[in-house]
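Asker: Can you look at this prediction? I've put the sequence above it.
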Amino acid sequence: MKQEQSNQDIPPKRKAANIYWQLFATFFKIGAFTFGGGWAMISIIEREIVDKHHWIERDDFLDLLAISQSLPGILAVNIATSVGDKIKGGKGSVVASLGTILPSFLIILAIAIFLTPDMIKNNRVISSIFMGIRPAVVALIIAPVITSAKAARLTWATMWIPFTVALMISLDLGTVSSPILYIVLGAVIGFLYWWIPQHKKKS
């Protein structure tokens, strides 16, 4: 009860500032401790945004993830921008994106200043660290795939679709192997799946 009263006593500007700071700090932490690119970030982002802070629902997060994957550019920045915009609009997207980008920028800057490529390549300690990180990255990539499959309500009747698409993309068959083709096809089929029943009801 006291906590609710104290939260009500906080001025609106201070509440907004706290949310922006929390948003920046959350994505800064994600960017600083994630290796393996955007896919490795997804499970950590989901845990922080959906499970810990409860800023958005899981279904909304998965919708934003699908949109972020379809957009050009870096997945990690795209998902940060989408989540930030969902939570606090344009300012939220800028804050979340800066939080994601800044750790990598600072780490690369420090490496460029203090280390040379030969020092990294021939250093057994650094090589061992990265060899240990690789299996963890694989697990971080697999985790959001399983979560997305559950949220998409895939059944044995529809399981063949992602497997077929993954197989076709992995094969070198020219245009047929283009991920863009399957993104467009998925969007068209999804639209028709929604539009046809609506059109029948109106008729």
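Answerer: Structure's in. What do you need?
Asker: Next, count neighbours for P135.
Answerer: Residues contacting P135 under the criterion other CB atoms under 10 Å number 9. (Glycine included, C-beta is placed from N, CA and C.)
Asker: One more: A149?
Answerer: A149 has 12 nearby residues by other CB under 10 Å.
Asker: Flag every buried residue along stretch 97-112.
Answerer: The neighbour-count check on stretch 97-112 (16 or more other CB atoms under 10 Å) flags S97, L98, G99, T100, I101, P103 as buried.
Asker: On the pLDDT front, check T147 for me.
Answerer: For T147, the model assigns a pLDDT of 68.
Asker: can you list the domain ranges for this protein.
Answerer: 2-153, 155-203 (automatic domain parsing).
Asker: looking at those domains, which is buried most?
Answerer: The highest mean neighbour count among those, using mean count of other CB atoms under 10 Å, belongs to domain 2-153: a mean of 15.
Asker: How far off centre is that one?
Answerer: 7 Å (CA atoms, centre = their mean, to the nearest Å).
Asker: Then stretch 183-197?
Answerer: 24 Å.
Asker: Report the contact partners of the closest residue in space to K91 that isn't next to it in sequence.
Answerer: Nearest non-adjacent residue to K91, counting by CB to CB, 6 or more residues apart in numbering: Y20, 6.8 Å away. Counting by CB atoms under 8 Å, 6 or more residues apart in numbering, Y20 touches K88, K91, G92, V95.
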